[in-house]
Structure formats: C-alpha cells, structure tokens
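>>> only the shape, not the letters, is given here:
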C-alpha cells in the first residue's frame with residue numbers, strides 16, 4: 001500500500017501581497033503556508049489561526065517557499081523521479097507568476113525535484129533531490145554557478 005502524505009511549508013511574512021486584485025498590507029503576525037496537495041499558498045493570521053485568504057492557486061507539486069531580496073516569492077517544484085524548477089511570484093506586479101529557474105536537459109544546473117532553498121551571499125542555493133546535489137544560482141540573474149555539495 002502506498003502512503004500519500006501531504007505536507008505544508010510555512011513562511012512568516014511582513015510585506016504586501018496582491019489578493020483578489022488588491023494590494024493588501026500584511027503584518028509580521030501573518031503566515032504563508034504552501035499547501036503541497038492542493039497547489040495553493042494560503043495566508044493565515046498566526047495569532048488567531050484565522051484563514052485570511054488564498055495568495056496563489058494552481059501550482060504544480062511544490063516543495064518550498066522563500067522570499068527573494070525584491071519581496072517576490074520563490075517556489076521550488078517537482079515530484080520524486082521528475083524534473084524540478086523554481087517559480088517566481090511577484091505580488092506587486094499584479095500577481096505575476098513566471099518560471100525563473102528551468103534549466104534544459106544536458107546543461108549544468110538542471111534541477112531534479114527542487115526541494116529546499118536558502119540564500120548565501122546573494123546567491124540562491126537549491127537542493128536538487130533527484131541527483132543529490134545542492135546547486136548555486138546567481139540571486140539576480142538565475143544563472144547557474146556550480147554544484148556546491150553532493
């Protein structure tokens with residue numbers, strides 16, 4: 001029997017987000033939760049637990065969310081055995097979603113189920129679970145720099 005487990009990623013938030021076409025101020029008491037199974041990012045009040053709204057819907061299987069220096073959300077994607085990428089959501093740009101890191105087959109930096117992400121000296125580190133590597137990308141351009149860990 002295969003066990004399916006949904007998981008959530010939580011990010012505390014102090015920024016402004018686009019909800020239902022309107023710019024909404026968000027306090028430090030708010031949380032964003034990545035809902036892997038439903039393809040959504042939900043917003044909650046961390047003090048009361050009240051659901052405040054859906055920030056994003058229609059995501060592919062997603063694994064992690066993190067903010068970039070410009071206040072955009074980066075979302076790593078991919079399923080076990082599959083290719084991964086990093087999406088970028090700009091809440092100030094009318095809720096614009098784009099694929100930011102999507103390296104073609106045969107090129108350095110190709111992601112295989114992108115999972116965890118972290119910032120290091122202005123560069124984005126992305127765990128590529130399928131090939132067991134951590135890959136380093138320029139934090140502004142998205143250009144692959146190196147595989148930095150196995």
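Structure received. Given the structure is predicted, the values throughout are model-derived calculations rather than measurements.
>>> nearest residue to the residue most central in space within the chain other than its sequence neighbours?
The residue lying closest to the centre of the chain (Cα atoms, centre = their mean) is residue 75, at 1.5 Å. Leaving out its chain neighbours, the residue that sits closest to residue 75 by Cβ to Cβ, 6 or more residues apart in numbering is residue 87, at 4.5 Å. C-beta: built from backbone N, CA, C; applies to glycine.
>>> where's that neighbour, which helix or strand?
Per DSSP states H and E, residue 87 falls inside strand 86-90.
>>> quick one: low-confidence parts of this structure?
1-29 (pLDDT under 70).
>>> what sits against residue 140?
Counting by Cβ atoms under 8 Å, 6 or more residues apart in numbering, residue 140 makes contact with residue 122.
>>> returning to what we had before: tell me if I'm right that the residue nearest to residue 75 and residue 74 touch.
Yes: Residue 87 lies in contact with residue 74 (Cβ atoms under 8 Å); the separation is 7.2 Å.
>>> what's the overlap in contacts for the two?
When contacts are counted by Cβ under 8 Å, 6+ apart, residue 87 and residue 74 have residue 100 as shared neighbours.
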